[in-house]
Structure formats: structure tokens, C-alpha cells
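Chemist: my questions concern the predicted model and sequence given below.
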Amino acid sequence: MKLDWNTILEGQIQWLENLYKSDEIRSSYNAIIPLLTDNKIPSRIIISGGKVLAYSYYIKGNEDDDRIYSTMGFLSKTIDDNKITSLLDWLIGASRKENKIIIMNGVFNEPDNFKELISKKDFNVINRIRMELDLSNQVMDDYKDNTQFKLAEIHKENLQEICELIYDSFRSLPERFLLPAGNNKTNLLAKGLLDGTFGKFLDEISYLASDANDDIIGGMVFTDGSTEFKHVPLLLFIFILSDFRGQGLSEEIIRGVLNKIKKSGVREIQLWVDKNNFAYNIYKKLGFKQCENEKTPIYCFNP
């Protein structure tokens, strides 16, 4: 059965265009729609009275990727629980068949009962928001280098070690399910940083912090933001090792790195953070502004 995916997805495309004020969204869907039309991307729709009420589809990552990436949309706000559940069950079946984690980002026209139903299916959820910092407005001239730690650039040669530290730091955080899983997880994360999965890795503004004994405390990893609709440097990871938490070092390390990257000529940075993450309040204190309309719940199911 051939479907008019242009019509089905038009509402979602317009929603994203209004949300992000970007002209790149429609062009990205122009690549997906022909694949959906030719049934080259797995999809499921719900039709009633000749009208499409809801849809879902997913895209597999490469062979090394341990996840599948899904989206879901609703063209009616009055869809009943059973129909929503049938779409969720279809995705769960695909997850178990592929033995891959589902990552579902940004459900279009989400019904009021959606979060309740998806939680019953053992999906995890984090509510991420985008924040921006205009470094040109930051008064950093009076910043004094902290004597508790030293900063050194992260280089591609030690990314494997850095990824192991990131996993140690993210173990108890809500965002942990966004990282690759499995026995090969650190290799996959390092590969993703090198091959541009998260955007181009910016080693010149990514830093490790270490103490006077040269023990690593934590660090910050930046990419060029090319995976985002706003292409400015993206703070992809900030990590503080568990032994050094609770000492007020997170804020000081961020200040130190911001001071260095401002001197390098960077004028604006962005990040995504879960509001339940302890770092959220630090970012606000340091002058990051929340992009009120850019909130993205991410749902995850691990088979």
C-alpha cells in the first residue's frame, strides 16, 4: 500500500519549522519521505474512516549502532488508548527483534494520555531543554585561574580514555541511556566522536581538568554543532568523576573552560540538558539562557 507521506508528515514538518526557525528541516524530510513511500523504512500507521490518525517509523543505525531511531506523530488528539498502545507495541517488537534500544525524540502532537501509556510500557523519559550562552556578554576579565586544577586540551589520540571517564561520570545521570550500550560502548562513543555522528569534534576547545597530582577530575567535550539547527559550538559532554563531586569543582571547571574558549574567539555556545540534572542550575548561574520553546522529551526503551 502506497501512502502519501508528504501529506502525513506536513504537520510535523511545519511544527518543527516553527519551533526551531530553521530552513533545514524540510530538506531533511525530503530525503526520508521517498524511503517511506517505497517502504524502505519500517513504518506503521493507524487509519480510521479513510483518514490517517497516527503513524510511526524508525531508522536503523549502522551495524555497530546499538539503537534504532524512531518518531511518532498524531493527526488526531482524540485517539484512544488501544491505538496508541498498538503503535508502542509495534516499536517494542522491532526493538526486541533487532535487539537494539529505541530512541524516540520529539513526538508530534502528543496526546494527553501518551506519557501515562508509554510509562506502562517501561519506556524511560528525560525532558531536555536547549540553552545558549553569549560569551561576548560574559564578564570574564576578572576570572583568575583556579589553583585547584589544571586544564589541558583533549586530543583525538586519548578519546578512548576520555569516553571511559564519560561513562563513569554519567552512570547515575538520566542522560546515560543516550550513550551507546554494550561491551563495545566506549569504542562506539569514541568512533561517533571521530566520524561526526555528534558533529565535528572540536579538540581545540575541549579540555580535561586534572589536580595537582595530575589525577583527572573531569572535562568538557565540544563539537561544532553541525547536528543542530543552530550551528554554533555544542557542549556535548561535561563530566566530573564521582570521587570529585560535591566539592564545587563543576562550576569552577566550566568557568575556566569558558574563559579559555572566549579567548580563542568563540562568541556563542549551546547545550542540551535535562532539568533534573544537577548541572542545570550551574548553567543558569553562569548566564546560560533557556530556549523556552525548544524542549524535547526523549523516550527510550531497552529490550
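Modeler: Sure thing, it's come through.
Chemist: next secondary structure element downstream of the helix or strand containing residue 218?
Modeler: Using DSSP states H and E, the element containing residue 218 is strand 216-223. Next helix or strand after strand 216-223 toward the C-terminus (DSSP H and E): strand 234-240.
Chemist: what is the strand holding residue 218 packed up against?
Modeler: helix 159-170, strand 207-210, strand 234-240, helix 249-263 (3 or more Cβ pairs under 8 Å, 6 or more residues apart in numbering; DSSP states H and E). The way it works is simple: take the backbone N, C-alpha and C, and place the C-beta from them, glycine included.
Chemist: relative to the whole chain's centre, how far out is the longest one?
Modeler: On the basis of Cα atoms, centre = their mean, to the nearest Å, helix 249-263 sits 22 Å off its chain's mean C-alpha point.
Chemist: most packed of the helices and strands packed on strand 216-223?
Modeler: Of all the helices and strands packed on strand 216-223, strand 234-240 carries the top mean neighbour count, a mean of 23, counting by mean count of other Cβ atoms under 10 Å.
Chemist: list of residues touching it?
Modeler: Contacts with strand 234-240, where a contact means Cβ atoms under 8 Å, 6 or more residues apart in numbering, come from 165-166, 168-170, 198-199, 217-225, 227-228, 249-250, 253-254, 269-271, 279.
Chemist: now stretch 101-110
Modeler: Counting by Cβ under 8 Å, 6+ apart, 11-12, 15-16, 58, 66-75, 77, 91-92, 94-95, 114, 123, 177-178, 181, 296-303 sit against stretch 101-110.
Chemist: just the buried residues out of these, in ChimeraX syntax.
Modeler: Per 16 or more other Cβ atoms under 10 Å, the buried members of the contacts of stretch 101-110 correspond to this ChimeraX selection:
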select :12,16,58,66,67,68,69,70,71,72,73,74,75,91,92,94,95,114,123,177,178,297,298,299,300,301
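Chemist: looking at the contacts of stretch 101-110, which are in helices?
Modeler: Within the contacts of stretch 101-110, residues falling in helices by DSSP state H are 11, 12, 15, 16, 91, 92, 94, 95, 114.
Chemist: could you dump the helices and strands packed on strand 216-223 into JSON lines with mean pLDDT and distance to residue 285 added?
Modeler: JSON lines is the format used below for the helices and strands packed on strand 216-223 (pLDDT from 0 to 100; distance: least, Cβ to Cβ, whole Å):
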{"stretch": "helix 159-170", "mean pLDDT": "88", "distance to residue 285": "20"}
{"stretch": "strand 207-210", "mean pLDDT": "92", "distance to residue 285": "18"}
{"stretch": "strand 234-240", "mean pLDDT": "92", "distance to residue 285": "14"}
{"stretch": "helix 249-263", "mean pLDDT": "87", "distance to residue 285": "7"}
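Chemist: mind checking the SS state of residue 33?
Modeler: Secondary structure assignment for residue 33 (DSSP: H, G, I helix; E, B strand; the rest coil): helix.
Chemist: what's near enough to touch it?
Modeler: Taking Cβ under 8 Å, 6+ apart, we find residue 33 in contact with 5, 6, 9.
Chemist: of these, buried ones?
Modeler: 5, 9.
Chemist: so which residues of the chain form strands?
Modeler: 43-48, 51-60, 67-74, 101-105, 124-134, 150-153, 207-210, 216-223, 234-240, 268-274, 289-301 (DSSP state E).
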